[in-house]
Structure formats: C-alpha cells, structure tokens
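Visitor: give me a 3D structure for the following:
(one chain, ligands or ions: 1)
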Amino acid sequence: MPREGGPGVLEAHRRDLPGPGPGEAVVRVEATGVSFAEVQMLKGRYFMQPKFPFVPGYDLVGEVESVGEGVDGGLVGRRVAALTQTGSWAERVALPAKDLAPVPDGLDPAEAVAAVTNGVTAWQMIHRAARVRPGQTVLVHGASGGVGTLLVQLARLAGAEVIGTASASKHEHVRALGAVPVDYRNDDVPARVREISPEGVDAVFDHVGGPGLVDSYRMLRKGGTLVSYGSASTLGDAGHRLKPYLPIVGRVLLWGAVPNGKRATFYYVQRWPKFFQEDLSTVLSLLAKGEIEAHATTRMPLERASEALELLASGGASGKVVLVPEPGTRPDAR
Ligand SMILES: NC(=O)c1ccc[n+]([C@@H]2O[C@H](COP(=O)([O-])OP(=O)(O)OC[C@H]3O[C@@H](n4cnc5c(N)ncnc54)[C@H](OP(=O)(O)O)[C@@H]3O)[C@@H](O)[C@H]2O)c1
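Guide: Okay, here's the model as predicted:
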C-alpha cells in the first residue's frame, strides 16, 4: 500500500526475506484476510495505521517453513494462525514464534483465517465485554459482514436472540445465520428494534459510530451493554483520523458516569493480552467442530488484492474476503 488512494494504487513487490532471526519462524502464507481495516488504511483513516508505504494484511494462516534460534524445531510443518495487523498480504512472513497459534487439523486455511481477527473480536466482545447470557436479546449492526456474521453465530451459540442490521440484499444470509434482519438503509432501526424487543436489548455491538451511537445506547434495556468497536460511518470524513473516535470515547466515558444501570465500552482487539491465544484457540476449535462457520465466501489470489479491496469497499461482499497466495510459489521465484 504505497500511498493514500483507491484500491488501484496497490502495488505488488518482490523482495528477499532474510531467514528467521532468533525467536522467529518463517510462515508460508496459505490465506490472509481482507478487512474493513484495510479499506480505512487506504484512505488514511484507520486509527492505528503505520506510515505509507507498508504491506497490509491483518491476519494469516500458513505453514511454518523454518525457525530461528531458540524456537522448537517441532513447529516446522505445522499450520499456524497469527494476527499481525499489517504485513500478512505476502507469500512468506517472518514472525515471532510466540505470536503463532496452532490451527486444528482438517481446517481449510481460508475458513480458519476468516475466524482470526473477526472471530477473536466477536468472541471477546460477546464473552468478555458484554458477557452475553442465554435468553438475552442482542443487536448486531452489520450482521452480514466479516465480524458481524461471527457475532451473530457466537451470540446464538451463547443462547441469545439476535437482531441484525444489514442491507436488504443480504437479509436472507442474515436470517440463515439465525438473526432477525433489519434494513439499516431504509428502516427506522430503533423503531423496528422496539417492535421486535419492546423492553430494549441486552447488548448492542456497534461498528458504525457517528450520531447513530446515541441510538445504539438508547436501545439498551436496564442492565444492558453497548460495545462500540469502530467508526465505519466516518470513512469519508476530512480531518485527523483520530477525530471520529473522540466523541465515541467522550460518550462512553459520560455514559459510564451516569448511574442508570446501562454500560458502555469501547473494544479494540490486541494480540498481547494472555487471553488472546486462549480465545483464538477457542474460536478455531468451534470452527473445527462445525459449531460456527466463517463464511470465507470470496477467495482471490494475492495478485488480485486491489480487486478484493474494491469488492469489500463497495459493499459487494457477503461474509469474508480472503486472499489465497497461489499454491506452488517457491521461495526462489522471481
Ligand atoms: N475494534 C476492533 O478491534 C475491530 C476489529 C475488527 C473489525 N473492527 C471494525 O469492524 C467493522 C467491520 O469490519 P469487517 O471487516 O467485518 O467489515 P465488512 O466485512 O466490510 O463488514 C462491514 C459491514 O458493515 C455494514 N454496514 C456498513 N454501514 C453500516 C451502517 N451504517 N449500519 C449498519 N451496518 C453497516 C455492511 O453491511 P451491508 O454490506 O449489509 O450493507 C457490512 O456488512 C469495521 O468498522 C472495522 O474497523 C474493529
């Protein structure tokens, strides 16, 4: 990703990857996710982005090819997953071995990668942030997207009823996941949610931000939790990329100070807490057991990254878009 622009500015480069340093492993990438974070990064609007130029790629699944000093040689040949935030759109990557999580046998790499960032994000928001319990009702904004489809499934698995907002063309998909769909483009969402759940909902998962965040908070019933985790609605705004997050943080703090029984929190996925690996393993094992599906519906070779990003940015994708580096690429290929 050389500079700010549209998906067409992406460039493919080939460079030598030095062997793994101490504590590192070289992973041959089998699948790497395309996420809304890259759509935001390309516009310079992602709040934790590096300076241009950089190699994007939030997560990967691949096979360990070699390991550096101090790393168990038994790791070679194992399929692993990692959350990298940037750098995964590559054929091979050198990563700290301690950041790699084992992928259960038999899982398709594209399905597995669709559950890395999105799966851990959804799992932690449901179980660590909102603590969803059986019999509750939750509202998932963007229920047709990468994170949204997993939020719906994990909330259903936790025993909750789910209302999911999505464009009308994706309602069938949202219904098939087990949620009641609401059209956020044409419906009055708070009014529809009140019809479906007159007492309000126990949790709202909001990646949209902007003025609608207030509606999300108001739709909570007493004891409910708003989990804000993005600002998709401000993608086209001008000004500093952190600006849209100030009102979100301000509101979350303000609502936290009001003793009305409702809670509000901002969530951000990170790989360093101890429970990241634990939660990733839990999600991958649910996937391996077939209790959730990751819906890696669109798979493209790495060379078509621009097209993949365009598809996601235009709203044309349902489920997860995954880049699959061509099989058979050799380390010495030029
Ligand atoms: N905080 C964190 O740790 C964290 C981690 C991962 C992702 N995220 C955030 O999560 C969001 C989703 O990421 P993703 O990769 O899953 O993206 P995605 O696959 O592109 O899905 C985004 C979804 O948002 C929906 N949407 C867009 N505008 C909406 C609105 N105004 N109201 C309701 N839904 C709307 C779209 O629905 P339709 O296509 O049906 O129109 C689409 O399904 C992004 O904002 C991303 O930055 C945050």
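
Visitor: who in the stretch 201-334 of the chain is up against the ligand?
Guide: If contact is defined as Cβ under 6 Å from any ligand atom, the residues of the stretch 201-334 of the chain in contact with the ligand are 207-208, 229-230, 232-233, 267-269, 312, 315. Just so you know, the C-beta spots here come from the backbone N, C-alpha and C atoms, and that holds for glycine as well.

Visitor: who wins on neighbours among those?
Guide: Sorting these by how many neighbours each has (other Cβ atoms under 10 Å) puts Gly230 first, at 27 neighbours.

Visitor: my guess is Lys170 contacts Gly142, does it?
Guide: No - between Lys170 and Gly142 there is no contact, the gap being 9.7 Å when judged by Cβ atoms under 8 Å.

Visitor: give me the low-pLDDT residue ranges for the stretch 201-334 of the chain?
Guide: Counting by pLDDT under 70, the low-confidence segments of the stretch 201-334 of the chain come to 327-334.

Visitor: contact partners for whichever residue of it sits closest to the ligand?
Guide: Per Cβ to the nearest ligand atom, the residue of the stretch 201-334 of the chain with the smallest distance to the ligand is Gly230, at 3.1 Å. Contacts for Gly230 (Cβ atoms under 8 Å, 6 or more residues apart in numbering) come out as 36, 206-209.

Visitor: which residues does Thr298 bridge with?
Guide: According to DSSP bridges, the residues that bridge with Thr298 are Val321.

Visitor: how about the stretch 101-250 of the chain: which residue is closest to the ligand?
Guide: Nearest to the ligand in the stretch 101-250 of the chain, going by Cβ to the nearest ligand atom, is Gly145, at a distance of 2.1 Å.

Visitor: just give me the neighbour total for that residue.
Guide: When neighbours are defined as other Cβ under 10 Å, Gly145 has 26 of them.

Visitor: let me know the pLDDT of the spatially closest residue to it that is not a sequence neighbour.
Guide: On the basis of Cβ to Cβ, 6 or more residues apart in numbering, the spatially nearest residue to Gly145 that is not a chain neighbour turns out to be Phe36, at 7.3 Å. Phe36 carries a pLDDT value of 90.

Visitor: hang on, Phe36 packs against Ala232?
Guide: Yes - the pair Phe36 / Ala232 is scored as a contact, 6.6 Å apart, by Cβ under 8 Å.

Visitor: who's in contact with Ser88?
Guide: Under the criterion of Cβ under 8 Å, 6+ apart, the contact partners of Ser88 comprise 29, 32-33, 55-60, 82.

Visitor: actually Phe276, not the one I typed
Guide: Neighbours of Phe276 in contact, by Cβ under 8 Å, 6+ apart: 83, 120, 270.

Visitor: the helix or strand containing Val120 close to the ligand?
Guide: When secondary structure is defined by DSSP states H and E, Val120 falls within helix 117-124. Yes - under the criterion of Cβ under 6 Å from any ligand atom, the ligand is reached by helix 117-124 at 117-118, 121.

Visitor: Leu107: which of these is nearest?
Guide: Distance to Leu107, by Cβ to Cβ, is smallest for Asn118 among the residues of helix 117-124 next to the ligand, at 14.9 Å.

Visitor: what sits against the closest one?
Guide: Asn118 makes contact with 33, 35, 146-147, 149-150, 294, 320 under the criterion Cβ under 8 Å, 6+ apart.

Visitor: and those, which of them are in helices?
Guide: Helix and strand membership here follows DSSP state H; of the contacts of Asn118, those in helices are 146-147, 149-150.

Visitor: which one of those residues sits closest to Thr225?
Guide: Checking the ones in helices among the contacts of Asn118 against Thr225 with Cβ to Cβ, the nearest one is Val147 at 16.8 Å.

Visitor: hang on, isn't the closest one packed against Thr121?
Guide: Yes - taking contacts as Cβ under 8 Å, Val147 lies within contact range of Thr121: 5.4 Å.

Visitor: circling back: and the contacts of Asn118, which is closest to Glu69?
Guide: Comparing every one of these with Glu69 (Cβ to Cβ), the shortest separation belongs to Gly33, at 30.2 Å.

Visitor: now find how far off-centre the helix holding Val120 is within its chain.
Guide: The gap between where helix 117-124 is centred and where its chain is centred comes out at 7 Å by Cα atoms, centre = their mean, to the nearest Å.

Visitor: can you map out the helices along the stretch 51-200 of the chain?
Guide: 109-113, 117-124, 146-157, 171-177, 189-196 (DSSP state H, counting those that start in this stretch).

Visitor: now tabulate the ones you listed in TSV and tack on mean pLDDT.
Guide: Formatted as TSV, the entries for the helices of the stretch 51-200 of the chain read as follows, by pLDDT from 0 to 100:
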stretch	mean pLDDT
helix 109-113	96
helix 117-124	96
helix 146-157	96
helix 171-177	96
helix 189-196	98
